[in-house]
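K.L.:
Fold the following for me, if possible:
(chains A and B)
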Amino acid sequence: MLKVISILVRNHPGVLSHVAGMFTRRAYNIETIAAGQTENPEVTRITITVSGDEAVLEQVTKQLRKLIDVIRVRDLKYSESITRELVLLTVYVSMDKRQDVMGIANTFGATIVDISEKTMTLEFVGNRRKIDTILHALEGFKTKELARTGIVALPLESQIEQHRTLL
Amino acid sequence: MTSSQKTGAQILIQSLIESGVDHIFGFPGGAVIPIYDVLYEASLKHILTRHEQGAAHAADGYSRATGRVGVCLATSGPGATNLVTGLSTAYMDSVPMVAITGQVPVSMIGNDSFQEADIYGITIPVTKYNYLVKDVNDLQRIIKEAFYIASSGRPGPVLIDIPKDVQQAKTRIKKIGPVKLPGYHSPSQGHPRQIHAILQAIKDARRPIIYAGGGVVSSGASDELRKFVQKTQIPVTTSLMGKGVIPETDDLALGMLGMHGTKYANYAIYESDLIISMGVRFDDRVVGNVQKFAPFAKIIHMDIDPAEIGKRIAVDIPIVGDLKNILYMLNQKVQEQSRKKWLQTVMRMKKENPLTFGDDGKLKPQLIIRTLSEMTKGDIIITTDVGQHQMWVALYYPTTEPRRFITSGGAGTMGYGFPAAIGATVGRTDIPVVNITGDGSFQMCIQELATARMYNLPVKIFILNNGYLGMVRQWQEMFYERRYSYTNLEFNPDFCKVAEGYEIPAIRVTESEAVKSAIDRALNMDGPVLVDFYIDKEENVVPMIPPGGGQTDFIQEGEAGC
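P.N.:
Below is the predicted model:
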């Protein structure tokens, strides 16, 4: 089971060590981790995707809440949040195949950001499913390098609003 | 001071004094010279240990004996890393402590400078929180926060790493407002709905039992618990850390639970239909096999730390809050209820499974502890190290008050007991302190004999000397076909001569008949005394449930290889 957890932490040196250290110490698996500024310069948002069974995931949330630097922990349900990841992918492409890659890129809204004699670099953004689909579509080309940012996510306010009115 | 500017070192010591600190335990070094320079004429008393690990354990023992925050001080690099075992020990048992370390100057951090260690990074997993102070202007606030974090909520150790140039830098003393930590709040009040659910569960229970732990001690909830027990007449078992929360001499006290717990405590847990647990963490040494634990019982779990609830055991009624408050609320409403049949059953369990030991003429460790108990009636503080002697004390010395049995429970640190006893004597001059230790454990912090001598601290050291690392030897006997791999110490120093070298009087006891008079002499001498008891070498700790066993799977003495 995968879970996306959005954490707001006090922005100071060492805070990432405290968060990451907790995962190491308690032997939890981080699938992705992404950290960056929020609207408040004193607060950093860390988005973590973590895998494990339900009991483990509940413990992860509780242990995170215990950290002194952690201001807020929010489990983001898939149906009530928007998740995005940015991917940079360089694949080997011979001259005669460039059109094929451009076709795939167009289909999925990926951008070609670099072309060399032997390679093309694509940039694309999406949720996990979309990214898996694009990567799958490009499987015919040998990968030179792949870089992923890890997931960032925010709650979908509109969905939460709707949910509230239904209740 | 007339000058309004003060150095970081001066601010540190002044802040410690303002935080109520009267003693700190430490060891000097290059990166803390500015702090020691201030200590040279400070009103704060500094106890010089002989090893930084001794300082950390002494601060821990001081804290456990008094309930106040213990403070230790060490230099950078090796001084700081020598504190790590002490921090881990305090962290595992939720002991409030503040550790202060020197660090190389800020500009030299990261250059592999002389005596540099990343103690901030190293101690993240063994502290509740830690700081690296890079600006002297942050120091006052950080010290205030550190004491607040260490002592509030679920207590724990906090480390403050202070670079030498920050100790020397000058700044103005400021007025510091209340601590502001937006992500840190500890719940105090238990939820009324859960209180109600607990009351209902108690009303419905026919075979309830209380399982109380170190959280009751930390919370200072012992009196409320005693009222609760008196009213409900529910029997009480404790974890190792909970020893003394109710007098173990009480009829309703069942002693310790778990691997080396009493048979009756384990049987009672097994048969109970409601476990009222408080301030415990269902440690693997208590629970054994999770699947076999208390098969008929509903479980109530009260704790200040929400992360403890459901960590190892599924809980039916959780309640998060300060135990003192929760028990107070329960005491307001709980009904007196008689459960004659259950109490008769428990009393029968107690009667049918007494703690016994052999009488073959050899000097039995249990006899020593029982004699000490008869002579002192609970009016001493005992510290222990880790191993067989620790379990014998837990079983054979009924503790009557909290903070009188001081031991490394979670971390299981050999070498803890003696320096912890030093800390306890510094904090509690009104009550005798006895360190019961083993010949293996004692040698891990034996250098602190110098500290005890130097300050003439009245620590009574009782070594239960069997020439073995006894607990591991016991496991090897039971589970490894008596292959005593490196547990026979073969050579031990003559502890009496060692004591003599430190100008500490020593008594050797080799026979049961001499036990009482030796204890009597030791307790009545001024200052430190060492008593070296030559005990039966292959005596085992029983009862014992093998690792992974259920509450009723006791090994019988003499039954090997199971």
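K.L.:
In chain A, spot the helix with the most residues.
P.N.:
Counting by DSSP state H, the longest helix found in chain A is helix A:54-66.
K.L.:
Can you point out the buried residues in that one?
P.N.:
A:56, A:57, A:58, A:59, A:60, A:61, A:62, A:63, A:64, A:65, A:66 (16 or more other C-beta atoms under 10 Å in any protein chain shown). All C-beta spots, glycine's among them, are computed from the backbone N, C-alpha and C.
K.L.:
Then stretch B:415-430?
P.N.:
Applying 16+ other C-beta under 10 Å to stretch B:415-430 flags B:415-428 as buried.
K.L.:
CA atoms only for that stretch - export them in PDB, please.
P.N.:
The C-alpha coordinates for stretch B:415-430 follow below in PDB (Å, rounded to 0.1, in the frame of the first residue of the first chain):
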ATOM      1  CA  GLY B 415      27.700  -0.100  33.200                       C
ATOM      2  CA  TYR B 416      24.600   2.100  33.900                       C
ATOM      3  CA  GLY B 417      24.100   1.200  37.600                       C
ATOM      4  CA  PHE B 418      27.100   2.500  39.400                       C
ATOM      5  CA  PRO B 419      27.300   6.000  37.800                       C
ATOM      6  CA  ALA B 420      23.500   6.200  38.100                       C
ATOM      7  CA  ALA B 421      23.900   5.500  41.800                       C
ATOM      8  CA  ILE B 422      26.400   8.400  42.000                       C
ATOM      9  CA  GLY B 423      23.800  10.700  40.400                       C
ATOM     10  CA  ALA B 424      21.200   9.400  42.700                       C
ATOM     11  CA  THR B 425      23.300  10.100  45.900                       C
ATOM     12  CA  VAL B 426      24.000  13.600  44.600                       C
ATOM     13  CA  GLY B 427      20.300  14.300  44.100                       C
ATOM     14  CA  ARG B 428      19.000  12.500  47.200                       C
ATOM     15  CA  THR B 429      21.100  12.900  50.300                       C
ATOM     16  CA  ASP B 430      18.200  11.800  52.500                       C
END
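K.L.:
quick one, strands of chain A?
P.N.:
Using DSSP state E, the strands of chain A run over residues A:2-10, A:29-37, A:43-51, A:70-76, A:81-92, A:111-115, A:119-126, A:143-148, A:152-155.
K.L.:
so can I have TSV of these showing mean neighbour count, mean pLDDT and distance to chain B?
P.N.:
Converted to TSV, those look like this (neighbours: other C-beta atoms under 10 Å in any protein chain shown; pLDDT from 0 to 100; distance: least, C-beta to the nearest C-beta, whole Å):
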stretch	mean neighbour count	mean pLDDT	distance to chain B
strand A:2-10	20	93	7
strand A:29-37	15	93	16
strand A:43-51	20	94	9
strand A:70-76	18	94	4
strand A:81-92	18	96	22
strand A:111-115	12	97	35
strand A:119-126	18	97	31
strand A:143-148	12	97	27
strand A:152-155	17	94	19
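K.L.:
I'd like to know which of the ones you listed is closest to residue B:470.
P.N.:
strand A:29-37 (39.3 Å; C-beta to C-beta).
K.L.:
That closest one pairs with which strands, and in what direction?
P.N.:
Sheet partners assigned to strand A:29-37 using DSSP bridges are listed as strand A:43-51 (antiparallel).
K.L.:
Give me the distance from the partner strand to the chain's centre.
P.N.:
Distance of strand A:43-51 from its chain centroid, counting by C-alpha atoms, centre = their mean, to the nearest Å, is 9 Å.
K.L.:
Within range of chain A, give me the residues from chain B.
P.N.:
Selection of chain B residues close to chain A by C-beta under 8 Å from any C-beta of the partner chain yields B:120-121, B:124-125, B:128-129, B:132, B:149, B:181-184, B:305-307, B:310-311.
K.L.:
how is the chain carved up into domains?
P.N.:
Here I'm looking at chain A. Domain ranges of chain A: A:2-76, A:82-153, per automatic domain parsing.
K.L.:
nope, chain B
P.N.:
Domain segmentation of chain B under automatic domain parsing yields B:5-172, B:192-352, B:365-534.
K.L.:
measure the residue nearest the centre of chain A to chain B for me?
P.N.:
The centroid of chain A falls nearest to residue A:151 when counting by C-alpha atoms, centre = their mean (0.9 Å). With distances taken as C-beta to the nearest C-beta, to the nearest Å, residue A:151 is found 22 Å from chain B.
K.L.:
which residues sit in contact with that residue?
P.N.:
A:4, A:32, A:34, A:47, A:49, A:83, A:84, A:85, A:128 (C-beta atoms under 8 Å, 6 or more residues apart in numbering or on different chains).
K.L.:
now do residue B:32
P.N.:
Contacts for residue B:32 were tallied using C-beta under 8 Å, 6+ apart; they are B:26, B:73, B:74, B:75, B:76, B:79, B:101, B:102, B:164, B:167.
K.L.:
Now, those that are in helices?
P.N.:
Counting by DSSP H, the contacts of residue B:32 place B:79, B:164, B:167 in helices.
K.L.:
so what's the last one up against?
P.N.:
Contacts of residue B:167 were listed using C-beta under 8 Å, 6+ apart, and they are B:7, B:8, B:9, B:12, B:32, B:34, B:35, B:102.
K.L.:
where does it land on pLDDT?
P.N.:
If you check residue B:167, the pLDDT there is 98.
K.L.:
cool, and residue B:187?
P.N.:
The model reports residue B:187 with a pLDDT of 75.
K.L.:
now the one 10 residues further on
P.N.:
Here, the pLDDT recorded for residue B:197 equals 98.
K.L.:
number of nearby residues for it?
P.N.:
Neighbourhood size, residue B:197 [other C-beta atoms under 10 Å in any protein chain shown]: 16.
K.L.:
Might one say that it is in contact with residue B:317?
P.N.:
Yes. Counting by C-beta atoms under 8 Å, residue B:197 touches residue B:317, with 5.1 Å between them.
K.L.:
can you name the farthest residue from the center of chain A?
P.N.:
Max radial position in chain A (C-alpha atoms, centre = their mean) goes to residue A:96, at 33.6 Å.
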